[in-house]
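> Need coordinates for the following:
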Amino acid sequence: MTQDQVAGRHIFVDLGRLTLEMRFQAGGRMTFTVVEGGDLVPNGHTETVDITSAEIRPEVFLTSWKEESGATITHLEDFERGRVHSRITLPDGTPLALTGTIEVLG
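The predicted structure follows:
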């Protein structure tokens, strides 16, 4: 599946200390809105980023992007099992590993 084949998906990601909505668009773009940022990101922060996404197997994707802050994010999104594994490198170089749930909203 190409990046454009995930276009139109709207998902909710719950990583415990961080929850967000993600909307995938054509052309390898994604807009995310932070619902609850914990101590990581302000609530309500919205940003559109360029993504790289590859289908690992049906309904499992490896997606990565870089944010304006300089943070880099890689998600292993398993839509079949409703799980997401997130690896984040904060702008100061601090690595984070978060695991949670993923729900398709549309």
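
> Could you tell me the end-to-end distance of stretch 24-43?
20 Å (CA to CA, to the nearest Å).

> try stretch 12-31
Counting by CA to CA, you get 12 Å between the two ends of stretch 12-31.

> what does stretch 6-22 give?
End-to-end for stretch 6-22, by CA to CA: 11 Å.

> what pLDDT does the residue nearest the centre of the chain get?
Centroid check for the chain by CA atoms, centre = their mean gives residue 75 as the closest residue, at 5.8 Å. At residue 75, the model reports a pLDDT of 97.

> tell me the mean pLDDT over the biggest strand by length in the chain?
For the chain, the longest strand by residue count, based on DSSP state E, is strand 46-57. The average of the pLDDT scores along strand 46-57 is 95.

> Buried ones in that strand, by neighbour count?
49, 51, 53 (16 or more other CB atoms under 10 Å). Quick note: C-beta positions are derived from backbone N, CA and C, even for glycine.

> Let me have the residues you listed in JSON lines, extended by distance to residue 27.
Formatted as JSON lines, those follow (distance: CB to CB, whole Å):
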{"residue": "49", "distance to residue 27": "12"}
{"residue": "51", "distance to residue 27": "10"}
{"residue": "53", "distance to residue 27": "12"}
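
> Tell me what the residue nearest to the centre of the chain is bridged to.
Residue 75 has these beta-bridge partners by DSSP bridges: residue 63, residue 86.

> Report the separation between it and residue 103.
14 Å (CB to CB, to the nearest Å).

> host element of the residue located most distally from the centre of the chain?
Within the chain, residue 92 marks the point farthest from the mean C-alpha position, 19.8 Å out by CA atoms, centre = their mean. Using DSSP states H and E, residue 92 sits within no helix or strand.

> cool, the one 5 residues further on as well?
In this assignment (DSSP H and E), residue 97 forms part of strand 95-104.

> how about that strand: buried residues?
So, applying 16+ other CB under 10 Å, buried residues of strand 95-104: 98, 100, 102.

> Point out where this protein drops to low pLDDT.
Where the chain drops to pLDDT under 70, the residues are 1-5.
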